[in-house]
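# I would like to see how this sequence folds:
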Amino acid sequence: MTSREIQRHHIAQSRIGVATATCLTTVGLSNGEKVGKRHRQETSAVGTVNTLVHVSRPLSAGAFVESVSIATQARTAAIMETNDLRDGPAITGTGTDCILIMAPEGDAPETCAGLHTDLGEAIGAAVYDATHAGATEWSAELKLANGIQSLWTTP
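Model (predicted):
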């Protein structure tokens, strides 16, 4: 499900109050885009951000939706805050990004998981930290690869 080598994954965990969120992500940004404005270039480059979030609390349907929203905001913020590490236009993600939220079943599910909740804060922190680490590593690898390539092609 990812173009990124799976051993290049990043994991982060956050515990706020009784809520714990753990994020595992792979970050590849070769086909990055900015929401609302495609680059419109033909590319064979592959890249995607796959995000898996496990929360410690059962979730209602509404809390699942909020969890995806929080994870999306955190992923996007992390990518945007690493844009200065890459050449080219600023991006907010890729066209193939995926977010999956997992929660245990149980009675009395959380009904909210927004920014003002312990669960939302835990999700946001875990996703942001893992994605930021992945985007930083990917950007550094790209610069290294481009530098090595220019050494071989410089007359």
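# in its sheet, what does the longest strand along the chain sit against?
Across the chain, the longest stretch assigned as strand under DSSP state E is strand 19-27. When pairing is defined by DSSP bridges, strand 19-27 lines up against strand 10-16 (antiparallel), strand 49-55 (antiparallel).
# may I see the buried residues of it?
Using 16 or more other C-beta atoms under 10 Å as the test for burial, strand 19-27 gives 19-27. Just so you know, the C-beta spots here come from the backbone N, C-alpha and C atoms, and that holds for glycine as well.
# would you mark the buried spots in the helix or strand of the chain with the lowest mean pLDDT?
Across the helices and strands of the chain, mean pLDDT, DSSP states H and E gives its lowest value to helix 118-153, namely a mean of 85. Across helix 118-153, burial judged by 16+ other C-beta under 10 Å covers 118-139, 142.
# what packs against that helix?
Secondary-structure packing of helix 118-153 (3 or more C-beta pairs under 8 Å, 6 or more residues apart in numbering; DSSP states H and E): strand 10-16, strand 19-27, strand 49-55, helix 61-80.
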